[in-house]
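Engineer: structure of the sequence below:
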Amino acid sequence: VQDFTAAIECQPGFEVPYYNRGLVRYRLGDFDEAMKDFRKVLELNPQFEDAALSLKQAILDKEEKEKRGY
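Structural biologist: Predicted coordinates:
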């Protein structure tokens, strides 16, 4: 996460580090932060299909986690 954050600080208009940081956060179960990163990717590049899919999956997984109470 720190490396991708550093890359974002160097090039805030480049969507790939946001996407990669979002993937790491998603895998760590930090769905809210992952969703923020995926949304930023789509703001910078609305055609980034993997980010759109990852955002949808993070939303579904967050809902499932909340439904199960953990």
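
Engineer: wait, Arg39 sits on Leu55?
Structural biologist: Yes. Here Arg39 reaches Leu55: they are 6.5 Å apart, a contact under CB atoms under 8 Å. Heads up, the C-betas are built off the backbone N, CA and C, glycines and all.

Engineer: of these two, who's got more company?
Structural biologist: Neighbours were counted for Arg39 and for Leu55 using other CB atoms under 10 Å; Leu55 has more, 21 against 16.

Engineer: if I look at the more buried one, how far off is Pro46?
Structural biologist: 12 Å (CB to CB, to the nearest Å).

Engineer: how about residues contacting stretch 35-53?
Structural biologist: For stretch 35-53, contacts defined as CB atoms under 8 Å, 6 or more residues apart in numbering pick out 13-15, 18-19, 21-22, 25, 54-55, 58-59, 62.

Engineer: buried ones from these, can you make that a PyMOL selection?
Structural biologist: Typed into PyMOL, the line below selects the buried ones among the contacts of stretch 35-53, using 16 or more other CB atoms under 10 Å:
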select buried, resi 15+18+19+21+22+25+54+55+58+62
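
Engineer: ok, the contacts of stretch 35-53 vs Thr5, which is closest?
Structural biologist: Using CB to CB, Arg21 is the member of the contacts of stretch 35-53 that lies nearest Thr5, at 6.5 Å.

Engineer: so that closest one touches Val1, yeah?
Structural biologist: Yes. If you go by CB under 8 Å, Arg21 and Val1 touch, sitting 5.7 Å apart.

Engineer: all helices for the chain, in order.
Structural biologist: Secondary structure of the chain (DSSP state H): helices located at 2-10, 15-27, 31-44, 49-68.

Engineer: how far is the second one from where the chain is centred?
Structural biologist: In this case it means helix 15-27. Relative to its parent chain, helix 15-27 has a centroid offset of 5 Å by CA atoms, centre = their mean, to the nearest Å.

Engineer: quick one: mean pLDDT for that helix?
Structural biologist: Taken as a whole, helix 15-27 carries a mean pLDDT of 98.
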